[in-house]
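[1] mind looking at a prediction? Sequence and model below.
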Amino acid sequence: MRPLLQRLPILTAASCLLALSAAQSAQNRSLVLDNVRIVDGTGAPPIERGRIVIAGDRIAQVGSVESVKPPAGTETIDLTGRTVLPGLIDLHFHIENDPKLALRQLSHGVTAFRDPGQWDEKFVELRRMIAADHLPGPRIFTAGPHIDGEHPAYPADSVVARDAEEARQQAEINIRNGASALKIYFRLPFASAKAVIDVCNAHHIPCTAHLELLDARELIAAGLHGIEHVTSFGISIVPRVEAEAYRQAVLADNAARREGRYKLFAGANLDSPEAQALYAVLRDRKPWLDATLAVFEQRADRPAKGTKPETAAMMVAGFAKMKQLTRRAGLEGARLVMGGHSTVPFATRGEAPWREMELLVESGLSPLEAITAATGTASGFLYQTDRLGTLRPGLQADVVVLRDNPVANISAIRTVDRVMIAGTWIDVPRYREY
Ligand SMILES: [Zn+2]
């Protein structure tokens, strides 16, 4: 991934000077965050009374107040009672036509995101806004349009590949245009999907997928790095006869999956021989799983308008099983990450990443595990562990300060007090207005 600054539109001379002086002052500045609870994103237990030294755009030291000696004369911020964690990474953010949403999410602590399938043109306006504000972020990771088969699920967001050679060509073009990951969509036949995976491996970038009609066991064994949506596992955990009926229904009509996937999950047995075969592949390959639970959330007391009571009950049961499978997949070896999915039924604007973290905890993860999913593990799925995702010396100073303790209650993730990217505090109230 090229650094963000290289991908910004050309700046005018005057704005260049401004950007330069802002960057220089950030580079020279040292800062101490003192007396703060530190959750470092690695999964390690919190340091209850910690100290972080930030030098320029990077983290210089992290530890307990007893172990870290602050450099003389450094500006110190006393954060007694507060918690600091790495900036959140949202691995399933759809920009659509709403670049301001990325800036609102930034005020909610999301310092980096990946859009898993979109044309680069859709990011021009956001990059322009970031440059105009001399903001150091949010850090943008793109995948280019989905690579799908004929009759694509989302025509406007896809390129269609009719065979493996076309799939390979489209994959190369997406990467040439700046993609730092590629996403396979569910109508792509197996040989074409495998061609995309091979291109990713050749360029050392991750390949992710919305499977639904493709067998997760086969694709992961063939080298697929990540899975978008826990529903991607649907046909891999039920008997073949049921899986094929679902495949044919969705092949005939992409919309059949909306209710159909809940039905598939509601009836699924998570200990079936098919599910066991999936777990064996997860143990062997340890793919990333971006479950995107929030977009599938169903609540018994708030069914979608016009849904019959028996259908609503089936969908609630299906969603409960999706949460169980997410937890089970994590225990079996999948590396769980966080994808908010931008717009979801039970979160208001920009709050999808918070809701996703709450749902990971409802699924059985500890709050600390949910934080690790959204930070340290997420940076692994970006292939950025040496730059982002944890609070370690040498990494970028992307941090979130919370008023309450998220390790005691994950909903404290909503109590964002301050957000820093690359050593610079952002104007939280201003970006909350977006
Ligand atoms: Zn999506």
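    Arrived safely. Keep in mind that what you see is a predicted model, and the values were worked out from it rather than measured.

[2] can you tell me the centre-most residue of this structure?
    Residue closest to the mean C-alpha point of the chain, counted by Cα atoms, centre = their mean, is residue 91 at 1.7 Å.

[3] tell me the pLDDT at the closest residue to it other than its chain neighbours?
    Sequence neighbours aside, residue 339 is the residue nearest to residue 91 in space, at 4.5 Å (criterion: Cβ to Cβ, 6 or more residues apart in numbering). (C-beta placed from N, C-alpha, C; glycine too.) Per-residue confidence at residue 339 stands at 98 (pLDDT).

[4] what count of nearby residues applies to residue 339?
    31 (other Cβ atoms under 10 Å).

[5] the chain should start at 55 in everything you say after this.
    Renumbered: residue one is now 55, and that last one reads residue 393.

[6] run the chain-centre distance for stretch 165-172.
    7 Å (Cα atoms, centre = their mean, to the nearest Å).

[7] next, residue 167: secondary structure please.
    The three-state assignment at residue 167 reads strand, by DSSP: H, G, I helix; E, B strand; the rest coil.

[8] quick check: it touching residue 158?
    No: if you go by Cβ atoms under 8 Å, residue 167 and residue 158 don't touch, sitting 11.8 Å apart.

[9] these two - which one has more neighbours?
    Higher neighbour count among residue 167 and residue 158: residue 167, with 30 against 17, using other Cβ under 10 Å.

[10] let me know the helix or strand that residue 331 is in.
    Using DSSP states H and E, the element containing residue 331 is helix 327-339.

[11] avg pLDDT for that helix?
    Rounded mean pLDDT across helix 327-339 is 98.

[12] who are the packing partners of it?
    If you count contacts as 3 or more Cβ pairs under 8 Å, 6 or more residues apart in numbering; DSSP states H and E, helix 327-339 packs onto helix 270-275, helix 363-386.

[13] redo those as JSON lines? Include mean neighbour count, distance to residue 346 and mean pLDDT.
    Listed next are the helices and strands packed on helix 327-339 as JSON lines, based on neighbours: other Cβ atoms under 10 Å; distance: least, Cβ to Cβ, whole Å; pLDDT from 0 to 100:
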{"stretch": "helix 270-275", "mean neighbour count": "20", "distance to residue 346": "15", "mean pLDDT": "97"}
{"stretch": "helix 363-386", "mean neighbour count": "19", "distance to residue 346": "10", "mean pLDDT": "97"}
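
[14] burial of residue 213, as a residue count?
    21.

[15] meant to ask about residue 204, not that
    By other Cβ under 10 Å, neighbour count at residue 204 equals 10.

[16] doesn't it lie inside a strand?
    No: applying three-state DSSP, one finds residue 204 to be coil, outside a strand.

[17] correct me, but it touches residue 216?
    Yes: assessed by Cβ under 8 Å, residue 204 is found in contact with residue 216 at 6.3 Å.

[18] could you measure from the residue nearest to residue 145 over to residue 283?
    According to Cβ to Cβ, to the nearest Å, residue 393 and residue 283 sit 8 Å apart.

[19] could you do residue 174 as well?
    Taken as Cβ to Cβ, the span from residue 174 to residue 283 is 23 Å.

[20] more neighbours: which of the two?
    residue 283 (25 against 17).

[21] if I look at the more buried one, what pLDDT would I see?
    pLDDT, residue 283: 98.

[22] tell me, how many neighbours does the closest residue to it other than its chain neighbours end up with?
    Take residue 283 and drop its neighbours on the chain: the residue closest to it by Cβ to Cβ, 6+ apart is residue 346, 5.0 Å away. Using other Cβ under 10 Å, residue 346 has 28 other residues around it.
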